[in-house]
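Engineer: This is the structure alone, sequence omitted:
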């Protein structure tokens, strides 16, 4: 390979700065090959120092590969192939705020201690108010001449009504705190699988003409990324790439060479919620019309946002695949200490993409309905969860998106000519 930086010649376009120009190795008249392997035994590794005993974590690493090249027909036809595979798991160390044991049962009295300037009761910043007790008031706490909804405080910050059944089922997907009050430490070693292989054939048509073809493919799979709450969080990522190339070289004279290339490359990127096809809104008691008939991406655990706590389930997904097709012809000539090259290139970009944001539904609970009145903003802890346990979300949405249609774009590179003084 060769790393090139500006200023490079006119054949290298559609980029700025530096880039790596890679040429795949071909076979020869002798057989050559190799193999390698690397394994990092996790039993010999120490845990990450900052995870403590609550969530021990160790890295895992395994990589192996091989290549082989040689003749198929002596002096005329050659092959080369290579394969690489790796499996690794790096701990994802995070500490997430989750509902405490008391809060899950409707007891929010521990919130009073967060406001050190006011006693427990209606003047405390973390006092929770009954969202069902709202009544309209003009002036007073609403401001002179203003109208707002005023609510009654909940005695002791302890909910007296049963927790909404949907909220109760959803809260069961939160793990219990294991690191201090209200925090869950996670350090799961999340897997990352990768493989790639290449195959190349070269043939000498005549003493002056040669032809090659190659195929490359790779896949990277990351299941359960950020899956700190099991299936109620995390995404599955997959990257699938493949490409083919055909090249022809004609040495017209020792100083004049004609090159022609045709290539095709596909890049596929998919990201979807880990619970897709395994859990959905009906598992926590939501109606089936939020899932049925709305496509595969609706068939996943809904995103639930509660201010002050880590959300249940992500909402974002990506489905895209891009094809790049290229054809080029160029003629190079060396005369004296000077080098001249010119040619033409045509590229076709074909893009298909879609984003599945909110296809599984999103339900936000900010605590704006459990404040003392509708003109106040809720603090960052507790009130949103109390509102959720009442079953009254601040907002909800579900988005139906179709994958974007194919959008082709042709980039004719036109004729390019470049010249430079040859190095002696």
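Structural biologist: Yep, it's here. On a predicted model such as this, the values are computed, not experimentally measured, just so you know.

Engineer: For the helix or strand containing residue 238, which residues meet the burial criterion?
Structural biologist: Per DSSP states H and E: residue 238 is located in strand 235-253. For strand 235-253, a neighbour-count test (16 or more other Cβ atoms under 10 Å) marks 235, 236, 237, 241, 243, 245, 247, 248, 250 as buried. Quick note: C-beta positions are derived from backbone N, CA and C, even for glycine.

Engineer: which secondary structure element contains the residue nearest to residue 110 when sequence neighbours are not counted?
Structural biologist: In space, and not counting its chain neighbours, residue 110 is closest to residue 102: 6.0 Å by Cβ to Cβ, 6 or more residues apart in numbering. Element membership of residue 102, judged by DSSP H and E, is helix 101-104.

Engineer: Counting by contacts, list what that helix packs against.
Structural biologist: If contacts are counted by 3 or more Cβ pairs under 8 Å, 6 or more residues apart in numbering; DSSP states H and E, helix 101-104 sits against no helix or strand.

Engineer: Tell me which helix or strand comes right after it.
Structural biologist: The helix or strand immediately downstream of helix 101-104 is strand 135-138, counting by DSSP H and E.

Engineer: ok, residue 298 to residue 312 distance?
Structural biologist: 16 Å (Cβ to Cβ, to the nearest Å).

Engineer: Revised request: answer the last question for residue 284.
Structural biologist: The gap separating residue 284 from residue 312 is 9 Å, by Cβ to Cβ.

Engineer: Can you check which residues contact both of those two?
Structural biologist: The contact sets of residue 284 and residue 312 overlap at 170, 173, 302 (Cβ atoms under 8 Å, 6 or more residues apart in numbering).

Engineer: and the second one, that's in a helix?
Structural biologist: No: with DSSP: H, G, I helix; E, B strand; the rest coil as the criterion, residue 173 is assigned coil and is not in a helix.

Engineer: from what I can see it touches residue 228, true?
Structural biologist: No: Residue 173 is beyond contact range of residue 228, at 11.3 Å (criterion: Cβ atoms under 8 Å).

Engineer: higher neighbour count, those two?
Structural biologist: residue 228 (22 against 19; other Cβ atoms under 10 Å).

Engineer: separation between the more buried one and residue 162?
Structural biologist: Distance from residue 228 to residue 162, counting by Cβ to Cβ: 29 Å.

Engineer: For the residue nearest to residue 110, give me the pLDDT.
Structural biologist: In this model, residue 102 is scored at 94, pLDDT.

Engineer: do the same with residue 10
Structural biologist: In this model, residue 10 is scored at 64, pLDDT.

Engineer: Likewise for residue 30?
Structural biologist: 93.

Engineer: buried set for stretch 366-381?
Structural biologist: Taking 16+ other Cβ under 10 Å as the criterion, stretch 366-381 shows 366-374, 376, 378-379, 381 as buried.

Engineer: try stretch 139-146
Structural biologist: Quick answer for stretch 139-146 (16+ other Cβ under 10 Å): residue 142.

Engineer: Identify all contacting residues around that stretch.
Structural biologist: Taking Cβ under 8 Å, 6+ apart as the rule, stretch 139-146 contacts 138, 148, 150, 372, 373, 375.

Engineer: mind redoing it with 7 Å?
Structural biologist: Stretch 139-146 is contacted from outside by 148, 150, 373, 375, using Cβ atoms under 7 Å, 6 or more residues apart in numbering.

Engineer: From what I see, the third one and residue 152 are in contact.
Structural biologist: This points to residue 373. No: the criterion here is Cβ atoms under 7 Å, and residue 373 misses it with residue 152 at 10.7 Å.

Engineer: how about the strands in the stretch 1-150 of the chain?
Structural biologist: For the stretch 1-150 of the chain, the strands defined by DSSP state E, counting those that start in this stretch cover 2-4, 19-21, 32-40, 60-73, 77-91, 94-97, 135-138, 147-150.

Engineer: what do you get for the stretch 151-300 of the chain?
Structural biologist: Under DSSP E, counting those that start in this stretch, the stretch 151-300 of the chain gives strands at 183-186, 189-204, 209-225, 235-253, 256-273.

Engineer: which of these sits most buried?
Structural biologist: Of all the strands of the stretch 151-300 of the chain, strand 183-186 has the most neighbours on average by mean count of other Cβ atoms under 10 Å, namely a mean of 20.

Engineer: Can you list the helices and strands that that strand packs against?
Structural biologist: Counting contacts by 3 or more Cβ pairs under 7 Å, 6 or more residues apart in numbering; DSSP states H and E, strand 183-186 is packed against strand 94-97.

Engineer: Adjacent strands (with direction) for the strand it packs on?
Structural biologist: Looking at strand 94-97 with DSSP bridges, its partner strands are strand 183-186 (antiparallel).

Engineer: residue ranges with poor pLDDT in the stretch 301-424 of the chain?
Structural biologist: Within the stretch 301-424 of the chain, the stretches with pLDDT under 70 are 401-424.
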